[in-house]
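Engineer: quick check, what structure comes out for this input:
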Amino acid sequence: MKLNELHDNPGATKKRKRVGRGAGSGMGKTGGRGIKGQKSRSGVAIKGFEGGQMPLYQRLPKRGFNKPNRKEFAVINLGMIQKFVDLGKLGNEITETELVDSGVVRRKLDGIRVLAKGEITSAVKITVTGASKSAIEAVEKAGGSLTVATAAE
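Structural biologist: Numbering: from 1, shown residues only. All right, here's what the predicted structure looks like:
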């Protein structure tokens with residue numbers, strides 16, 4: 001067998017249909033698009049249109065719910081509080097206003113929630129709107145206290 005003798009199996013390749021190339025081709029004039037109407041024009045892509053039938057994306061039920069008046073908390077980790085205590089920007093008694101004033105958090109939002117990422121070594125008394133159980137345990141283990149107070153509205 002030589003390179004010039006290589007060829008595909010019979011029927012493996014098919015010639016491309018050339019539309020709009022004369023009446024004798026059987027696909028001339030309108031090119032298989034029918035007469036008039038939106039789909040006979042060029043540049044038309046009707047995505048999701050089902051001929052007036054309610055489209056699938058509208059027939060399927062919507063899922064989920066986003067509560068419009070949900071509370072949004074500013075989140076702070078214990079490691080960051082410890083860092084600011086070491087720098088002397090926070091004292092032993094820490095409240096939400098002190099956290100904002102020292103620059104640990106930018107704004108209070110609906111309250112400040114303390115999470116347990118990082119380590120706390122100093123005995124501090126923290127009063128915030130929310131805290132994770134592990135954060136409360138970590139502060140008490142260090143000899144401090146973490147009080148969760150309801151936000152004054």
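Engineer: what does stretch 7-14 rub up against?
Structural biologist: Stretch 7-14 is contacted by no other residue when judged by CB atoms under 8 Å, 6 or more residues apart in numbering. The way it works is simple: take the backbone N, C-alpha and C, and place the C-beta from them, glycine included.
Engineer: for it, output the C-alpha coordinates as CSV.
Structural biologist: What follows is stretch 7-14 as a C-alpha-only set of coordinates in CSV (Å, rounded to 0.1, in the frame of the first residue of the first chain):
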residue,chain,number,x,y,z
HIS,A,7,-8.8,6.4,0.9
ASP,A,8,-11.8,6.3,3.1
ASN,A,9,-14.3,3.4,3.1
PRO,A,10,-17.2,3.9,0.7
GLY,A,11,-19.9,5.9,2.4
ALA,A,12,-17.7,7.2,5.2
THR,A,13,-17.7,10.8,3.9
LYS,A,14,-20.6,12.7,2.5
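Engineer: list the buried residues in that stretch.
Structural biologist: Residues of stretch 7-14 include none that count as buried (16 or more other CB atoms under 10 Å).
Engineer: just stretch 71-90 next, same as before
Structural biologist: 73, 74, 76, 77, 78, 80, 81, 82, 84, 85, 90.
Engineer: tell me which two of those sit farthest apart.
Structural biologist: 73 and 85 (21.1 Å; CB to CB).
Engineer: could you dump the buried residues of stretch 71-90 into JSON lines with pLDDT added?
Structural biologist: Compiled in JSON lines, the buried residues of stretch 71-90 are given as follows (pLDDT from 0 to 100):
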{"residue": "73", "pLDDT": "94"}
{"residue": "74", "pLDDT": "94"}
{"residue": "76", "pLDDT": "94"}
{"residue": "77", "pLDDT": "94"}
{"residue": "78", "pLDDT": "93"}
{"residue": "80", "pLDDT": "93"}
{"residue": "81", "pLDDT": "92"}
{"residue": "82", "pLDDT": "92"}
{"residue": "84", "pLDDT": "92"}
{"residue": "85", "pLDDT": "91"}
{"residue": "90", "pLDDT": "88"}
